[in-house]
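**Student:** need a structure here:
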Amino acid sequence: MGAVTQNWRRAGLAILFLLVGGTGAALAEVPPLPTILPIPPSDQPPLSSALRATDPGTEYLDLASAGYTEAEYYLSGTAPAITAQGAVLFQAPYITRILVRRPTDPAKFNGTVVIEPFTWIGERGAGWILTRDYLVRRGYAWVGYTLNINKPAADPKTTTDPAWTPDPEPQNLNFDFMRRFDYARYAPLGSYYDPVRFRRGDHADPFVPQSQGIGAQLALALKSNLTDGPLAGLRVQRVYVNSWAVTAQVWMDYLDQGRHQQWRLPDGGPLIDAYMTGRMSFGEVGGDAIRVPRQMPDTAPFVTIYSQSEAMHDAMEGIALPPDSDTPRLRYYEVTGMSHLRLADLGTQEVEDMPADVGKENDPNCQHFYDEPAEMVVSALFDAMDRWVRSGQPMPKVERLTRAGAGIARDARTGNMIGGVRPPWVTVPAATYLTDQETGCGMVFDTKRPYARDKLKALYGDFPSYERRFQAATQAAARQGFLLPEDAARLRPVAVPENFQGGARK
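**Tutor:** Numbering: from 1, shown residues only. Okay, the predicted model is just below:
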């Protein structure tokens, strides 16, 4: 164990009295530093690896060409078991894994590490998928980590909605899936779980009770700049959370229960400098349907990105989004033309229902999945969040989607939602972007209806006119901060010339 590690372990026992976050006199403490050990290699890349070009390879990136390496480690320690209501019941041991991607050349590192818990199904790194090109261009390090349990007799991950009977039953959930994938790597993994003690709403809590402590300890280890740690040789200055889908609830709980103020560095500084969450309607799996944590950070931004599905959920439930604010730093973005899930987002060995599986193979509203590059919008918003932290430049504010009763208003001419963040494919559309709540397709994917030739010609005349308008919308989005210039340069129109000549839409 290195001397730096020993010093931080001793510092982890210290208790500091701080005045933080406008919460008054708060008792702040340094979490214990976890143990980090390399995982012995096997004959295949790790689960969720960016090196995996097949099966199905949704997280793949040519890391070597980008000047990056990837390595997997065990992360272990003792962390509190916390209820959904915020009560700390006791301490318990855990061992999980982290997957680290870092620049090979320390000179390329920009000082920021992004941490992301893998989602339940297929250990999907949704945030990585949505920002990977941007992250490696700008020199970030990225650390994904597992939050999971052994599969119980009644798995709360698949029983929170009594009406949901998945077809097929997910086989890539829990540590059981990970061990089937690579037993030698993942046999040691374990964390505390008790469906009797830990409840969320009227059912067993599907979230790992130690999630908050594991995330805090990981952030502490990364910011400690350990000489023997996974980022040795890099000088970490900032840690950002990027957490999507169900795992975003973990970070809502973390903030809502005041862990940002409670768990600190030995010098009193924050463990985490910014929080981005996405594609999650907080409280949807039980508990409070709040949209602003009760104990917001003092200076760390809290940013949430909604797809059309999350926006429709809140509209149908009558949940109003909070106004954006600069103090505290709060932003909500509702992105039109963004689906809850795409084929490009699926985790390893993840299987989801297709139209034929739900009896909708002939329904015209259920045939075409979104495939537009929403990652470009997410990357631009992530970059804006980074500037807010580094330079104090506030992120842009955007009007909400226009509510219409228990739903969202749609433009009569294009069929698309009114308001929100509007990428070029919605500003100059070639399709109507729908949500499953409206179509009733019964899939986790949202669908779109491409325009027929006559509608394209009525809107734009011919393809060159459409292309010019799409390019103008692209440049406008870049000026507004919703596309980065390098992404705007490679964005292409959705429709192609053949669509204006009667060709079949795909």
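**Student:** Okay, now the unreliable bits of this structure?
**Tutor:** Judged by pLDDT under 70, the chain has its weakly predicted residues at 1-26, 55-56, 160-169, 502-506.
**Student:** try it again with 80
**Tutor:** Counting by pLDDT under 80, the low-confidence segments of the chain come to 1-27, 54-57, 159-170, 502-506.
**Student:** can you list the domain ranges for it.
**Tutor:** For the chain, the structural domains run 1-244+272-291, 301-506, going by automatic domain parsing.
**Student:** Can you pull the phi/psi pair for the nearest residue to G127 once chain neighbours are set aside?
**Tutor:** Take G127 and drop its neighbours on the chain: the residue closest to it by CB to CB, 6 or more residues apart in numbering is N242, 3.7 Å away. For every residue, glycine as well, the C-beta is placed using N, CA and C. In terms of degrees, to the nearest 10, the main-chain angles of N242 are phi -130, psi 100.
**Student:** One more: S224?
**Tutor:** According to degrees, to the nearest 10, the main-chain angles of S224 amount to phi -80, psi -10.
**Student:** Look at it and say how many residues are nearby.
**Tutor:** One way to gauge burial is a neighbour count; for S224, by other CB atoms under 10 Å, it gives 21.
**Student:** And for the one 5 residues further on?
**Tutor:** Using other CB under 10 Å, G229 has 21 neighbouring residues.
**Student:** Let's have the domains of the chain in a markdown table, adding distance to Y254.
**Tutor:** Compiled in a markdown table, the domains of the chain are given as follows (distance: least, CB to CB, whole Å):
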| stretch | distance to Y254 |
| --- | --- |
| domain 1-244+272-291 | 5 |
| domain 301-506 | 11 |
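**Student:** before we move on, the earlier item: ok, the residue nearest to G127 touching V113?
**Tutor:** No. Contact criterion CB atoms under 8 Å: N242 and V113 do not qualify, at 10.5 Å.
**Student:** of the two, who's got more company?
**Tutor:** When N242 is set against V113 and neighbours are counted by other CB under 10 Å, the residue ahead is N242, at 29 against 26.
**Student:** Which residue ranges of the stretch 251-400 of the chain form strands?
**Tutor:** Per DSSP state E, counting those that start in this stretch, the stretch 251-400 of the chain carries strands over the ranges 274-278, 302-306, 330-334, 368-369.
**Student:** Kindly state the beta-bridge partners for the closest residue to F302 other than its chain neighbours.
**Tutor:** Counting by CB to CB, 6+ apart, Y275 is the residue found nearest to F302 once chain neighbours are left out, at 4.9 Å. Assessed by DSSP bridges, Y275 has beta-bridge partners V241, F302.
**Student:** From A374, how far out is Y275?
**Tutor:** Using CB to CB, to the nearest Å, we find Y275 at a distance of 20 Å from A374.
**Student:** Please apply the same query to E310.
**Tutor:** Summarising the geometry, the distance separating E310 from A374, computed by CB to CB, is 13 Å.
**Student:** quick one: common contacting residues for those two?
**Tutor:** Applying CB atoms under 8 Å, 6 or more residues apart in numbering, one finds that no residue jointly contacts E310 and A374.
**Student:** what sits against the residue nearest to F302?
**Tutor:** With the criterion set at CB under 8 Å, 6+ apart, Y275 makes contact with 240-241, 243, 251, 255, 297, 300-303.
**Student:** Tell me which two of those sit farthest apart.
**Tutor:** The two members of the contacts of Y275 with the most space between them (CB to CB) are S243 and P297, at 14.9 Å.
**Student:** Compare the two (neighbour count), which wins?
**Tutor:** Comparing S243 with P297 by neighbour count (other CB under 10 Å), the higher total belongs to S243, at 27 against 23.
**Student:** Just confirm that one is within a helix.
**Tutor:** No. In this structure, S243 is strand, not part of a helix, as judged by DSSP: H, G, I helix; E, B strand; the rest coil.
**Student:** ok, it to G215 distance?
**Tutor:** Distance of S243 to G215, given as CB to CB: 9 Å.
**Student:** Quick check: neighbours shared by those two?
**Tutor:** Overlap of the contact sets of S243 and G215 (by CB under 8 Å, 6+ apart) consists of 117, 250-251.
**Student:** which one of the residues you listed has the most neighbours?
**Tutor:** For the shared contacts of S243 and G215, neighbours were counted using other CB under 10 Å, and P117 has the most, 31 neighbours in all.
**Student:** Contacts only, for that residue.
**Tutor:** 144-147, 211, 215, 243, 247, 250.
**Student:** Same question for R259.
**Tutor:** Contacts for R259 were tallied using CB under 8 Å, 6+ apart; they are 212, 216.
**Student:** From N242, how far out is it?
**Tutor:** Applying CB to CB, the value for R259 to N242 is 17 Å.
**Student:** same thing with Q44?
**Tutor:** To N242, Q44 is 26 Å away according to CB to CB.
**Student:** And for F181?
**Tutor:** F181 sits 24 Å away from N242, going by CB to CB.
**Student:** now do V30
**Tutor:** Plainly put, V30 is 24 Å away from N242 if you go by CB to CB.
**Student:** Distance of P322 relative to T277?
**Tutor:** Note on P322: its distance to T277, by CB to CB, is 14 Å.
**Student:** Which one's more surrounded, the two?
**Tutor:** T277 (24 against 12).
**Student:** Spit out the contact partners of the more buried one.
**Tutor:** Applying CB under 8 Å, 6+ apart to T277 gives the contacts 241, 243-244, 248, 251-252, 302-305.
**Student:** which among these gets closest to P270?
**Tutor:** Of these, the one sitting nearest to P270 (CB to CB) turns out to be V241, at 11.4 Å.
**Student:** The closest one: neighbour count?
**Tutor:** Using other CB under 10 Å as the criterion, V241 is surrounded by 27 other residues.
**Student:** quick one, what contacts it?
**Tutor:** Contacts here follow CB under 8 Å, 6+ apart; on that basis V241 touches 114-116, 215, 251, 272, 274-277.
**Student:** now do 7 Å
**Tutor:** Residues in contact with V241, defined by CB atoms under 7 Å, 6 or more residues apart in numbering, are 115, 251, 272, 275-276.
**Student:** if we can go back for a sec, turn the contacts of P117 into a markdown table, including secondary structure and distance to L265.
**Tutor:** Formatted as a markdown table, the entries for the contacts of P117 read as follows, by DSSP: H, G, I helix; E, B strand; the rest coil; distance: CB to CB, whole Å:
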| residue | secondary structure | distance to L265 |
| --- | --- | --- |
| G144 | strand | 22 |
| Y145 | strand | 19 |
| T146 | coil | 24 |
| L147 | coil | 23 |
| S211 | helix | 20 |
| G215 | helix | 15 |
| S243 | strand | 21 |
| T247 | helix | 24 |
| V250 | helix | 21 |
